[in-house]
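A.B. asks: only the shape, not the letters, is given here:
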């Protein structure tokens, strides 16, 4: 579904991604873990076209996307749930959702997302659809950010720190939502710092350190490997 091969990305003169290579299979969730500053969000921004790699190749469903502008990448079927949620404060919940609406391509498989489908997944958004985006709790704003991305009818979802700033009970709910989305056939790349959420939702774990992938394996393998958790994730 998505492949990165030897991707190098810079912020100015700072060499952030230093040869990142991995793939996300169709219908699977891959979680990208690492400490602050490891390059996780830069990876998401590079895939989404918000940053351009200086070297390397990014392919989505056999389309080379590393040279495309972000709006064209989005139209190919990649949705983004940004870090910090980025809800439009001057719009209601319904307006936040409908402004992102895009019909599913005729040849795309999976769920045909519309506002009623999003409300079915997140009933609280329907109950509060006339509220402004900023009148929601952090967890509700995260639901809105996910729902807004789904309204673009993506086949692939990029999720950047979906648990950031959320209470533990809401983090568990986010994990359940990701598992439900996988069941619809969505492929997901999720950047996280919360190990329990990553291991709850992901089929494969990648760990990034200083702009490179330094470990990959299953959630069970990560949970059993205390040395890796301590060395790269700061778990004592």
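C.D. replies: Right, received. Where do you want to start? Because the structure is a prediction, the values reported are computed rather than measured.

A.B. asks: could you point out which residue ranges in the chain have low pLDDT?
C.D. replies: For the chain, the stretches flagged by pLDDT under 70 are 84, 101, 104-110, 235-236.

A.B. asks: what's around the nearest residue to residue 58 once chain neighbours are set aside, how many residues?
C.D. replies: In space, and not counting its chain neighbours, residue 58 is closest to residue 66: 4.0 Å by CB to CB, 6 or more residues apart in numbering. (Glycine included, C-beta is placed from N, CA and C.) Using other CB atoms under 10 Å, residue 66 has 20 other residues around it.

A.B. asks: please, which helix or strand holds residue 66?
C.D. replies: Counting by DSSP states H and E, no helix or strand carries residue 66.

A.B. asks: before we move on, what about residue 4?
C.D. replies: Going by DSSP H and E, residue 4 is in strand 2-11.

A.B. asks: buried residues, that strand. List them.
C.D. replies: 2, 4, 7-10 (16 or more other CB atoms under 10 Å).

A.B. asks: strands paired with the helix or strand that comes right after that strand, and their directions?
C.D. replies: Next helix or strand after strand 2-11 toward the C-terminus (DSSP H and E): strand 14-24. The strands beside strand 14-24 in its sheet (DSSP bridges) come out as strand 2-11 (antiparallel).

A.B. asks: contacts for the strand it pairs with, please.
C.D. replies: Where contact means CB atoms under 8 Å, 6 or more residues apart in numbering, the residues beyond strand 2-11 that reach it are 15-24, 42-43, 46-47, 51-60, 66, 156, 187, 189.

A.B. asks: and the helices in this protein, which stretches?
C.D. replies: Counting by DSSP state H, the chain has these helices, from start to end: 40-48, 70-76, 93-98, 115-121, 123-127, 138-150, 168-183, 195-201, 219-224, 226-233.

A.B. asks: relative to residue 30, which of those is closest?
C.D. replies: helix 195-201 (9.5 Å; CB to CB).

A.B. asks: distance from that closest one to the middle of the chain?
C.D. replies: Helix 195-201 sits 14 Å away from the centroid of its parent chain (CA atoms, centre = their mean, to the nearest Å).

A.B. asks: buried stuff in it?
C.D. replies: Buried-residue list, helix 195-201, by 16+ other CB under 10 Å: 195, 197-201.

A.B. asks: not counting sequence-adjacent ones, nearest residue to residue 134?
C.D. replies: Per CB to CB, 6+ apart, closest to residue 134 is residue 89, 4.4 Å.

A.B. asks: ok, now which ones touch the one you found?
C.D. replies: Each residue near residue 89 by CB under 8 Å, 6+ apart is listed here: 132-134.

A.B. asks: and residue 36, by the same measure?
C.D. replies: residue 193.

A.B. asks: ok, and the closest non-adjacent residue to residue 81?
C.D. replies: residue 159 is the one closest to residue 81 (CB to CB, 6+ apart), at 4.5 Å.
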